[in-house]
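**Q** Mind folding the following:
(one chain, ligands or ions: 1)
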Amino acid sequence: MPETYAVDIVVIGGGSAGICASVAAARKGASVVLIERWDKLGGMGTLAMVQTFCGLYHPDVSLPPQLANPGLPAEIEQLSRERTGAEPVKMGKVYVLPQHPDVFASITQELTSAESSLDVWLNTSCTGIAQHPDESFTIYCGERSVTCRALIDTSADAIVAGFLGATRYSTPPEKTQRAAFIFSLQNVGLSAADESFRMRLALEIVHAVEAKELSRLALGTACRASTKHGEIFFTTDLDPAEATELLSQGHLLAIQLTEFLRRKFPEFSEASEPQLAAQPGIRETFRWKGCYTLTAEDLIEGTAFPDAIAFATWPIELRENTKGPRFTYFNQPVPAQIPLRTLVSAEINGVFFAGRCISATHEALASVRVMGTCFATGQAAGHAAVDYLTVDKITSA
Ligand SMILES: Cc1cc2nc3c(=O)[nH]c(=O)nc-3n(C[C@H](O)[C@H](O)[C@H](O)COP(=O)(O)OP(=O)(O)OC[C@H]3O[C@@H](n4cnc5c(N)ncnc54)[C@H](O)[C@@H]3O)c2cc1C
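**A** Sure thing, here's the model as predicted:
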């Protein structure tokens, strides 16, 4: 017989959005269960080793870095800076904050464990959901289940919509953002910021691909400095045609690249074994259909919304093919507004969503999917779910 629990709000998915949604709801007084299928929180920022926070800062880089969203996005930024020692840096026309996946994992643990009304269920997969006639939900997770009156989907794949039969948006395969694999090498005798190393690396990879020593996928490999001395991160896009084998594709590439680097670059001769991401990096799958669907025009033109609850600042960054990222910047040097309606189901009462599965077009998602914005939409969904319960309680009293 499965154990059954009852809380006010269940959050499904413990990535950037889920952490902020659950902590924000708990801080407003709700009892919350956060369900995460892996053994740690942080989603792409820990499991896939994405090592830069984008979308945290005001888009006007003629000013010093200024936080775009208050509350949890600002707290996480502050904690990350204190723990890693990294400061915001200008990357092209935007500011970013280098972060470290291990540090982010400890921040997520600290923020969630500080809330006594928040219970985190790790290693727990949500395998089914039912909505009852009184509009409450039961979430099934194998041996246990939990009932609640409001549900926040931060699974990044809109899995709740799948279970409840609500409309999900997807993108045709030829336009879907490419997945990637990230790994790191430690004990390296140079910095990834070294421009001449980057040029030598690009050239050597081309030669190695021509000589069939490396897979063609290695051609787009990008490297990035770590906040830890002597460590470098490598990111390689994966072959979308082999979607079911992304993780093994990534592992194989990382091992090939490590051997290649040790062979070709004396600075890598003492490099550690690769630290492999536990998950492939997935940029895009399914999104919810909300009460409003955010568009690229809204972001680029700066549409004003009466129900704005968060700000987007990252340009539209499309990585649909091997030609690399294509950026479209906002016309105005101010943050773009995200309305609450993009986080509220148009079809099912009591369902909210945030992060990568919000109601947005393919192009708009290419801006709002970055972690800084996911923190902000997560926080907003947490607040909205508590408000929904509070208003409902008052009207039914
Ligand atoms: C290669 C790559 C590079 C990127 N680079 C950057 C960058 O430099 N800067 C930046 O800010 N952003 C970057 N991004 C984007 C960013 O990392 C993600 O869009 C963002 O982390 C999404 O956050 P999220 O909370 O919506 O989802 P996720 O971080 O994906 O979290 C979703 C969580 O839900 C859990 N989950 C899913 N289904 C279930 C289930 N059934 N039961 C229980 N749990 C479930 C998952 O395990 C996961 O932990 C990058 C993404 C990729 C893939």
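
**Q** separation between residue 133 and the ligand?
**A** Separation of residue 133 from the ligand (Cβ to the nearest ligand atom, to the nearest Å): 25 Å. Placement of C-beta: from N, CA and C, glycine included.

**Q** I'd like to know how many residues surround that residue.
**A** Neighbourhood size, residue 133 [other Cβ atoms under 10 Å]: 5.

**Q** same thing with residue 125?
**A** Applying other Cβ under 10 Å, we find 14 residues neighbouring residue 125.

**Q** Is it part of a helix or strand, or is it coil?
**A** With DSSP: H, G, I helix; E, B strand; the rest coil as the basis, residue 125 sits in coil.

**Q** how about it, what does it touch?
**A** By Cβ atoms under 8 Å, 6 or more residues apart in numbering, the contact list for residue 125 reads 35, 37, 141, 142.

**Q** near the ligand, which of these show up?
**A** Counting by Cβ under 6 Å from any ligand atom, 35, 37 from those sit close to the ligand.

**Q** By neighbour count, which of the contacts of residue 125 wins?
**A** Highest count within the contacts of residue 125 by other Cβ under 10 Å belongs to residue 35, 24 neighbours.

**Q** Can you check the pLDDT for it?
**A** Note on residue 35: pLDDT of 98.

**Q** Please report how far it lies from residue 375.
**A** Going from residue 35 to residue 375 by Cβ to Cβ, to the nearest Å gives 19 Å.

**Q** Enumerate the residues of this structure near the ligand.
**A** Contact residues, the chain versus the ligand (Cβ under 6 Å from any ligand atom): 12-18, 35-38, 43-45, 48, 50, 52-55, 125-126, 154-157, 159, 180, 235, 281-283, 355-356, 369-372, 374.

**Q** Please pick the buried ones from these.
**A** By neighbour count, with 16 or more other Cβ atoms under 10 Å, the residues of the chain next to the ligand hold 12-18, 35-38, 43-45, 48, 50, 52-55, 126, 154-157, 159, 180, 235, 281-283, 355-356, 369-372, 374 as buried.

**Q** The ligand: which of the contacts of residue 125 is nearest?
**A** Distances from the ligand to the contacts of residue 125, taken as Cβ to the nearest ligand atom, are shortest for residue 37 (3.6 Å).

**Q** Give the closest residue to the closest one in space, chain neighbours not counted.
**A** Setting aside the residues directly before and after it, residue 37 is nearest to residue 125 in space (Cβ to Cβ, 6 or more residues apart in numbering), at 4.2 Å.

**Q** Same question for residue 116.
**A** Nearest residue to residue 116, sequence neighbours excluded (Cβ to Cβ, 6+ apart): residue 26, at 8.0 Å.

**Q** mind listing what the one you found touches?
**A** Taking Cβ under 8 Å, 6+ apart, we find residue 26 in contact with 32, 115, 116, 117, 118, 382.

**Q** And the furthest pair within those residues?
**A** Greatest spatial distance in those: 116 and 382, 16.0 Å, computed using Cβ to Cβ.

**Q** Tell me which of those two has more neighbours.
**A** Neighbours were counted for residue 116 and for residue 382 using other Cβ under 10 Å; residue 382 has more, 34 against 8.

**Q** So that one sits against residue 23, correct?
**A** Yes: with contact defined as Cβ atoms under 8 Å, residue 382 counts as touching residue 23 (7.1 Å).
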